[in-house]
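J.: next one to model:
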Amino acid sequence: MKTARFWHAAADGAVQCEACPHRCRIAEGRRSRCSGRVNRGGVLMAETWGWPAAMAVDPIEKKPLNHFLPGSQVLSLGTLGCNLACRFCQNWDLSHPGEERAVSGNPALPEAVAQTAARGGLPAVAATYNEPAVWAEYALDLADACHAKGVRMVAVTAGYFAPESRGEFFHKMDAANVDLKSFRDEFYRRQCGARLAPVLETLEFIRKETSCWLEVTTLLIPGLNDSDEELDGLTAWVAGHLGAGTPLHFSAYHPAGEMREPAATPLATLGRARDRAKRNGLRHVYAGNVRGKPEWTATHCGACGAQLIEREGFGAEKTGLDEKGGCAACGEACEGIWQ
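T.: Below you'll find the predicted structure:
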């Protein structure tokens, strides 16, 4: 546990959290809606600081990050809690622990995590598994410890940050994959208990104000966010506001969390989404969480179309990428961080 960074005192012993757009007003002894922050004697505490509930070594492609150190393994960890309430959450137990389960696992100080990654030859540590916005203090301290050891820091996030926290957080991240769950505010309100605008603001902030490498993921849920109109709006916005070279990942939905219907995303939907994204100007469009479509996970040159990276499962092999991150066939540079 550690004193939180983003808050101020309110009346009657309450505190006002400023980590995310919910801006929870938290009475003495009570928790934030994300479960990870608690008012102790008029001081907001980041209760999950130093307590990862899950830790493992994962392929970087699992985040997914296809243009950041492809083929590498990274040390991944997460705590408990989330500031969204997505009915289709894939990590429900970690994201919605309840009042009685604030921390879990074994303590791990930032310096120890960074040392573990460095000793193992792992180039990065990833804040993942649950939403790092709710344990931003721990993630920031991890980033400092990692950078001191020559290890990079990655975040996998829904991007639901307040202006008070997003600047400090993403300036210290070397790469991020942000879930853009829909391009409709109604979807965010009904399915996630959140709003669209702060996510778009976070995405533009990362792209325009930081050096953090950015990729975007959208989970396609049949009948909820996969219409042609929405796909066109989302992909045109990414191309126009984040850049045509921004990698966009479409992920197949499988029933999870509180949502057991509809059925899994058809392959045809993923193919249609990829086609519309490319038609709207995006150069690097991927589709994941499905088998048997290696052409949907490979990286191709945006200029000549030559294959640069071949992927099978979460494995990656640089087949046409030169040492400088360019196409071996035509010499065109490919957006990303390759070494």
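J.: who is residue 310 paired with across the strands?
T.: residue 317 (DSSP bridges).
J.: list the contacts of it.
T.: Applying C-beta atoms under 8 Å, 6 or more residues apart in numbering to residue 310 gives the contacts 294, 298, 316, 317, 319. (C-beta placed from N, C-alpha, C; glycine too.)
J.: turn those into CSV, including neighbour count, pLDDT and distance to residue 88.
T.: Converted to CSV, these look like this (neighbours: other C-beta atoms under 10 Å; pLDDT from 0 to 100; distance: C-beta to C-beta, whole Å):
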residue, neighbour count, pLDDT, distance to residue 88
294, 12, 87, 26
298, 19, 96, 27
316, 21, 93, 27
317, 12, 94, 32
319, 13, 93, 35
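J.: please enumerate the helices of the stretch 151-300 of the chain.
T.: 163-171, 185-187, 197-209, 228-237, 267-279 (DSSP state H, counting those that start in this stretch).
J.: using a markdown table, lay out the contacts of residue 310 together with distance to residue 170.
T.: Shown next, in a markdown table, are the contacts of residue 310 (distance: C-beta to C-beta, whole Å):
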| residue | distance to residue 170 |
| --- | --- |
| 294 | 32 |
| 298 | 28 |
| 316 | 25 |
| 317 | 30 |
| 319 | 32 |
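J.: buried residues in stretch 89-106?
T.: Residues of stretch 89-106 classed as buried: 89, 91, 94, 95, 96, 97, 102, 103 (neighbour count, 16 or more other C-beta atoms under 10 Å).
J.: tell me the contacts of residue 116?
T.: Contact analysis of residue 116 by C-beta under 8 Å, 6+ apart lists 75, 122.
J.: change it to 7 Å
T.: Residue 116 makes contacts with residue 75, as judged by C-beta atoms under 7 Å, 6 or more residues apart in numbering.
J.: check residue 156 too.
T.: Applying C-beta under 7 Å, 6+ apart, the residues contacting residue 156 are 63, 126, 127, 128, 177.
J.: just the pLDDT for it.
T.: Note for residue 156: predicted pLDDT of 98.
J.: before we move on, the earlier item: sitting in strands, which of the contacts of residue 156 do you find?
T.: 126, 127, 177 (DSSP state E).
J.: okay, these in TSV with pLDDT next?
T.: Listed next are those as TSV, based on pLDDT from 0 to 100:
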residue	pLDDT
126	98
127	98
177	98
